[in-house]
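**Q** sequence and predicted model, in that order:
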Amino acid sequence: MAKNPVARDARQTPLDRLYARPGFMIRRAHQISTDLFIEACAALDMTPSQYGVLYILFHSGPLEQIGIARLIGLDRSTTALVVKILSERGLLEKAKSETDQRKVEISLTEAGRQCFRQCERYAQKSVEALLAPFDPAERTQFLALLDKFVSHFNDNTRVTLG
């Protein structure tokens, strides 16, 4: 026989109710995801946002800063900071666009390509750690539900993806 959800909620503490809120759990899941990534990529001193920039440039080639921001769902100021940090580390370079001299394109240096290839192996370990609590069917369901959630809200957010 199923328990009465109203009675269960009445026994919950205020902290239990906070912890059960979807927004709280999503924020906490983001913290866990970020921590697992940073731990996995500690040898390269890489953050998820930095990895995202390297990833998109590795697979898409040179892009303007706004193009990078759109493709990985970062706001402009965060993208500018990440590009600055990666450039200072010698992983990115900026050059005038060959088609429009007013525009600056950002691309990976050879060191950036090498760093990305190394980071990709570490990043995969963080994915495996994130999905470890789930059996294969649950992993598929979890990722499908996350995709549904993100897709549903994408166009109604301050920073859209794509």
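**A** Right, received. Where do you want to start?
**Q** now the helices: where do they sit in the chain?
**A** Taking DSSP state H as the criterion, the chain contains helices spanning 5-11, 14-19, 22-40, 48-60, 65-72, 76-88, 110-131, 136-153.
**Q** what's the closest of these to K94?
**A** Go through the helices of the chain one by one with Cβ to Cβ and the one that ends up closest to K94 is helix 76-88, at 6.8 Å. No exception for glycine: its C-beta is placed from N, CA and C like everyone else's.
**Q** what comes into contact with the closest one?
**A** Contact with helix 76-88 is made by 47, 49-50, 53-54, 65-66, 68-69, 72, 74, 92-94, 106, 112, as judged by Cβ atoms under 8 Å, 6 or more residues apart in numbering.
**Q** centroid residue for this protein?
**A** Centroid check for the chain by Cα atoms, centre = their mean gives P48 as the closest residue, at 5.4 Å.
**Q** for it, which non-adjacent residue is spatially closest?
**A** Nearest non-adjacent residue to P48, counting by Cβ to Cβ, 6 or more residues apart in numbering: F37, 4.9 Å away.
**Q** ok, back up a step: didn't the residue nearest to the centre of the chain look like it was pressed against L36?
**A** No: using Cβ atoms under 8 Å, P48 makes no contact with L36, being 9.7 Å away.
**Q** next up, the contacts around A111.
**A** When the contact criterion is Cβ under 8 Å, 6+ apart, the partners of A111 are 90-91.
**Q** right, I'll leave it there.
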